[in-house]
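> Attaching a predicted model along with its sequence, questions to come.
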Amino acid sequence: MVHSTRAARVSLTAAALLGTTILAGIPSAALAQPARSAIPLQQAPAAAPAVAPAAEVAPAPAPAPEIIRSITVQGAQRLEPDTILTYIKMRVGQPYTQAAADEVLKDLFATELFSDVQVRNDAGNVLITVKENPVINRIVLEGNKHIKDDKILPEIKLAPRQIFTRSKVRADVARIIELYKRQGRFAASVEPKMVQLEQNRVDIVFEVNEGPKSKVRQINIIGNQHFSAGTLRGQMVTKQARTFRLFSSGTSYDPDRMAFDQQKLRQFYLTQGYADFRVVSAVAELTPDKRDFILTYVVEEGKRYKFGDVKVNSQLRDFDSEQLAKALPMKKGDWYNAKLVEDTIDKLNQTAGTYGYAFADVRPNYDRDPEHLTMGITFNIDEAPRVYVERIDVNGNTLTQDKVVRREFRLAEGDAFNALQVKRSTNRIKSLGYFQEKFEVEQKPGSAADRIVLEANVEEKPTGELQLSAGYSSIESFIFQASVQQRNFRGRGQILGTSVSYSKYAKSAEVSFTEPYLFDRNISAGLSIYRRDYNSFNLYNTDRNTTYKQATTGLQLRVGVPLTEYMSLVGSYTLNHDDVSLDQATYYLPDANGVPQCSPLLAGRYLCDSVGKRTSSILGLSLVYDSLDNRVHPTSGRVASVSADFAGLGGSVRYARLRGNAGQYWPLPHGFVFSINAEAGAIKSLKHRNLPDVDDVYLTDRFYLGEPQIRGFDIRGVGPRVVRKPFIADANGNLVLSTDKTQWTDDAVGGHYYYMGRAELEIPLGSGARELGIRPSIFLDVGAVWGVKKPSLLGSNVAVTIPTKDSNGNQLYSQSNADGTVTTTTNATDASGNANTALATTIPPFQEFFYGDSPRPRVAIGIGFNWNSPFGPFRIDFAKVLLKTQGDDTKTFSFNVGTQF
């Protein structure tokens, strides 16, 4: 937007005082320059005084017109006089008349190049004096906040260095107002002003008063008898302005939307059997304050019809008319439904396309019987040739290689056309996530009647993704994650990614690569290398300390082969090195020989039994079924998998693990999408550790649940856990268990079995929110993990003191020396015979509890928002826990944000 500076504003005001022409408020007729009459230099003689007629006298003959001897142009600045003469029809040698002079004025004013024109005649010497219209110096817009300059200026026909004309100003004012009307601002007004400058130049200033956005205050429906006004308003896109529709774009008035609503009303009535329904009139009235509209529809419902005889007349040899008629969804006597007829036509066309008839023409013939109120229908399927794919064209792919798109086609050049395979090809290309969401494979006639050309007109979109995630936990405070992934590396469809995460609870780093078509064959292969550190924390002596650390370093190789169009088999090999350790300074004490050992009193027996290093060599096999229409944002289809893992092909760990998951997506009316996902798993140790109260499955191999699997709970916040609570003195000096969770040691120990499920409903918003990529949803998450052997629990209601010894088992003492230093010694007394202070570790009184080992479901509900924001995908979730067990850690809020490149 060009903003006038203070100086410019003053000059504009000064110009107005000195004669600035204000165009606004002048009637259209007044803006047009009136034609001036030619002003002759010689005047006719005055009339003689009236005398009484003595006798009739013949009138004097009219004087002969003068012949034009020369034509001169005066006052031209930018235009050449000879150029101006070409605009008029008057020429030297013609007789000069008043009509000829008026014609000169009309011709020159019609060019819109002049603000004033005068014609004088002096004995055949014609002088044309002109005043040229000024040149536009610049166009200035003021007051436009909701529509920016880059949207308005292309609509304005006036431009700098053009000749100013009043008609163009009026036209531009109308265009600007029309722009605001399209946005529903019918109270908008534009006042054009002209600021005179030197050298016959002007600035054109359009002062815009945008006004409020005109809303639809009320929608009246007259003539409806069988359906309420509320029901009919529910079918419309336009909505009445109400407080709860604050963010809806459907409450603003739009003439095109109003016309569309008439079609929606007709579609609704036709689905209910009212075949004669019509909208008699639709009127939009603007309120006197120009702020709101009142819409009134007058409808005529007519009579309700039922289906009569429904037949199929097929000219295709592969189609049996009687069998097709029996399979039709509508039956004689059912209420007439025009939408059902349209769907039947589509299904018949799809069926014909499945048999290779790409250009089959299905036309319904209607037999209306007003007397009996029936509607008979005959579906005529005209004869058509079988069609074959002549060519497959891929257009618009600037980065992605042709083969990446072509290998997703389920048809090859020369194959018989199949509509289902074309649809499947469309879904597979969309699932790549490389192109526009509304991609469709186009079908065009080939070089012959039995040939068809399939075109994939793609629009590339960013496939790289930089994602930043953040969350808040009552235990860990903020959690940060970052990942970089390129899903179309080098345009070959390869996936290359790396990710890191950091919190006071867990840290990880991973690099992965996937080749979906190894050596251009339908075999996928992938490699992942990772490091994952999990830390458990507690507040010990008012300081945050680590109870145990779990570090996993490993790699995974994957190979997948398709079995059918929707089913594939994936094999994997994983090699992990796990290291579970404790802070020796906090949780280790020397044994009788002085060797530091994990102290069950300090750390707990279950943790001491888990400390150590181990290697896992895992062979896995998965059977995957996937019929989703889009893997990035699915709206229909299902996905399921069963995987089995065996650890024991080398390494020090042996177990068998089985997992399964399934999901289903349903598209619902009005843009809703409902989905259900379920998952479960079990693990069985194949190696007995033969230790009392110690589980055979290592801590690092068990199942854990929490965020992000179950929203509403913290990371590993669901399932078996050991909680150590300290004793504290109450107001009376009695020892009681602390209720302050920040003083507890809370360690999740996982389980052998788990299940979880999720039901989610994606809610569509108005067109404005949809264009912004906002997709809210409501969800219900459920799950549980259980089945671990109960560990040995420790506790003491008195402080326990453990002597500190050296490597030989001798008691250590603290000795104060004469020079002020303090040293450690094995002597009970110093050189003077004074007793040294015995060193010891004092463990405050505590009690351990075992919680959460139950298959009872944990349930949480909530609402989430997905937003494709300008800086990347954004997800936010609010969850409320409905069911939990003692010891579970809950969490209400989480969000993540990313960007694409």
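On my side now, so go ahead.

> rest of the way, CA atoms for contacts and neighbours
Will do.

> Kindly state the beta-bridge partners for residue 748.
For residue 748, the beta-bridge partners are residue 721 (DSSP bridges).

> hang on, it packs against residue 714?
No - if you go by CA atoms under 8 Å, residue 748 and residue 714 don't touch, sitting 11.2 Å apart.

> Run a quick neighbour tally on the nearest residue to residue 744 once chain neighbours are set aside.
Distances taken as CA to CA, 6 or more residues apart in numbering place residue 725 nearest to residue 744, at 5.0 Å, with adjacent residues excluded. A count of nearby residues for residue 725, using other CA atoms under 10 Å, gives 23.

> For the strand or helix carrying residue 725, which helices and strands make contact with it?
Element membership for residue 725 (DSSP states H and E) is strand 721-729. On a contact count with 3 or more CA pairs under 8 Å, 6 or more residues apart in numbering; DSSP states H and E, strand 721-729 meets strand 735-737, strand 745-748, strand 846-851.

> Please export the C-alpha coordinates of the last one as CSV.
It stands for strand 846-851. Only the C-alpha atoms of strand 846-851 are listed here, as CSV (Å, rounded to 0.1, in the frame of the first residue of the first chain):
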residue,chain,number,x,y,z
PHE,A,846,11.2,-44.9,53.0
GLN,A,847,8.7,-47.4,51.6
GLU,A,848,8.4,-48.9,48.1
PHE,A,849,5.1,-49.5,46.4
PHE,A,850,4.2,-51.5,43.3
TYR,A,851,1.4,-49.9,41.1
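
> Identify each buried residue in it, please.
For strand 846-851, burial by neighbour count (16 or more other CA atoms under 10 Å) applies to 846, 848, 849, 850, 851.

> same check, this time on the first one
Going by neighbour count (16+ other CA under 10 Å), the buried part of strand 735-737 is residue 737.

> what about it, distance to the chain center?
The chain centre lies 53 Å from the centre of strand 735-737; the measure is CA atoms, centre = their mean, to the nearest Å.

> partners of it in the sheet?
Sheet pairing of strand 735-737 (DSSP bridges) gives strand 721-729 (antiparallel).

> by how many degrees do the strand it pairs with and strand 846-851 diverge?
150 degrees (axes from the mean of the first three to the mean of the last three CA atoms, to 10 degrees).

> longest strand in this structure, by residue count?
As assigned by DSSP state E, the longest strand anywhere in the chain is strand 543-562.

> Using CSV, write out every CA atom in that one.
The C-alpha coordinates for strand 543-562 follow below in CSV (Å, rounded to 0.1, in the frame of the first residue of the first chain):
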residue,chain,number,x,y,z
ASP,A,543,18.1,-32.4,44.1
ARG,A,544,17.1,-34.0,40.8
ASN,A,545,19.1,-37.2,40.3
THR,A,546,19.1,-40.1,37.9
THR,A,547,17.9,-43.4,39.2
TYR,A,548,18.9,-45.5,36.2
LYS,A,549,20.0,-45.0,32.6
GLN,A,550,19.1,-47.2,29.7
ALA,A,551,21.2,-46.7,26.6
THR,A,552,20.5,-48.6,23.4
THR,A,553,22.7,-48.5,20.4
GLY,A,554,21.7,-50.4,17.3
LEU,A,555,20.9,-50.8,13.7
GLN,A,556,18.0,-52.3,11.7
LEU,A,557,17.9,-53.7,8.1
ARG,A,558,14.5,-54.1,6.4
VAL,A,559,13.4,-55.8,3.1
GLY,A,560,9.9,-55.8,1.8
VAL,A,561,8.2,-57.6,-1.1
PRO,A,562,4.6,-57.3,-2.3
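
> Could you check the angle the next helix or strand after it makes with strand 543-562?
Per DSSP H and E, strand 543-562 leads on to strand 567-581 as the next helix or strand towards the C-terminus. Between strand 567-581 and strand 543-562, the angle comes out at 160 degrees (the same axes, to 10 degrees).

> was I right about residue 758 contacting residue 665?
No - using CA under 8 Å, residue 758 is not in contact with residue 665, being 11.8 Å away.

> Could I get the average pLDDT for the strand holding residue 725?
Averaged over strand 721-729, pLDDT sits at 87.

> neighbouring contacts of it?
Strand 721-729 is contacted from outside by 734-739, 743-750, 797, 844-853, 887, using CA atoms under 8 Å, 6 or more residues apart in numbering.

> Quick one: low-confidence residue ranges for the stretch 701-850 of the chain.
Along the stretch 701-850 of the chain, the parts satisfying pLDDT under 70 run over 766-773, 798, 800, 802, 804-809.

> show me where the stretch 501-650 of the chain has strands.
With strands called from DSSP state E, counting those that start in this stretch, the stretch 501-650 of the chain shows them at 506-515, 524-540, 543-562, 567-581, 588-590, 596-598, 612-626, 637-651.

> My read is that residue 298 contacts residue 265, right?
No - using CA under 8 Å, residue 298 is not in contact with residue 265; the gap is 11.3 Å.

> Those two: which is more packed in?
Ranked by neighbour count (other CA under 10 Å), residue 298 and residue 265 place residue 265 first, with 19 against 16.

> Let me know the secondary structure of that one.
Three-state assignment for residue 265 (DSSP: H, G, I helix; E, B strand; the rest coil): helix.

> Surely it touches residue 229?
No - counting by CA under 8 Å, residue 265 does not reach residue 229; the two are 11.2 Å apart.

> circling back: between the strands of the stretch 501-650 of the chain, which one is nearest to residue 158?
strand 637-651 (54.8 Å; CA to CA).

> Just after that closest one, pick out the following helix or strand.
Defined by DSSP H and E, the subsequent element after strand 637-651 is strand 655-667.

> Would you mark the buried spots in that following strand?
Neighbour-count burial for strand 655-667 flags 655, 656, 657, 658, 659, 660, 661, 662, 663, 664, 665, 666 (criterion: 16+ other CA under 10 Å).

> isn't the fifth one right next to residue 682, touching?
Yes - taking CA under 8 Å as the definition, residue 659 is a contact partner of residue 682 at 6.5 Å.

> Regarding the residue lying closest to residue 877 once chain neighbours are set aside, which helix or strand does it belong to?
Among residues not flanking residue 877 along the chain, residue 864 sits closest, at 4.2 Å (CA to CA, 6+ apart). For residue 864, the element it lies in under DSSP H and E is strand 858-869.

> Tell me which helix or strand comes right after that strand.
As assigned by DSSP H and E, the chain's next helix or strand after strand 858-869 is strand 872-883.

> Give the buried residues for that next one.
Buried-residue list, strand 872-883, by 16+ other CA under 10 Å: 872, 873, 874, 875, 876, 877, 878, 879, 880, 881.

> And the pLDDT for the second one?
Here the pLDDT value assigned to residue 873 is 63.

> Phi and psi next, for residue 162.
Backbone dihedrals for residue 162, given as degrees, to the nearest 10, come out at phi -90, psi 160.

> tally of neighbours for residue 645?
20.

> my read: it touches residue 654, true?
No - taking CA under 8 Å as the definition, residue 645 is not a contact partner of residue 654, at 10.4 Å.

> contacting residues for the residue lying closest to residue 239 once chain neighbours are set aside?
In this structure, residue 239 finds its nearest non-sequential neighbour in residue 251, 4.8 Å apart by CA to CA, 6+ apart. The contact partners of residue 251, taken as CA under 8 Å, 6+ apart, are 215, 216, 238, 239, 240, 241, 245.

> I'd like to know which of those are buried.
Buried by 16+ other CA under 10 Å: 215, 216, 238, 239, 240, 241, out of these.

> how close does the second one get to residue 185?
Think residue 216. Distance of residue 216 to residue 185, computed by CA to CA, to the nearest Å: 12 Å.

> element containing residue 256, please.
Residue 256 is part of helix 255-271 when elements are defined by DSSP H and E.

> Kindly export that helix (C-alpha atoms) in CSV.
Provided in CSV are the C-alpha atoms of helix 255-271 (Å, rounded to 0.1, in the frame of the first residue of the first chain):
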residue,chain,number,x,y,z
PRO,A,255,-24.6,-14.0,-4.5
ASP,A,256,-22.8,-17.1,-5.9
ARG,A,257,-23.3,-18.9,-2.6
MET,A,258,-27.0,-18.0,-2.6
ALA,A,259,-27.4,-19.5,-6.1
PHE,A,260,-25.6,-22.6,-4.9
ASP,A,261,-28.0,-22.8,-1.9
GLN,A,262,-30.9,-23.0,-4.3
GLN,A,263,-29.3,-26.0,-5.9
LYS,A,264,-28.7,-27.5,-2.5
LEU,A,265,-32.4,-27.1,-1.6
ARG,A,266,-33.4,-28.7,-4.9
GLN,A,267,-31.0,-31.6,-4.3
PHE,A,268,-32.4,-32.2,-0.8
TYR,A,269,-36.0,-32.3,-2.0
LEU,A,270,-35.2,-34.5,-4.9
THR,A,271,-33.6,-37.0,-2.5
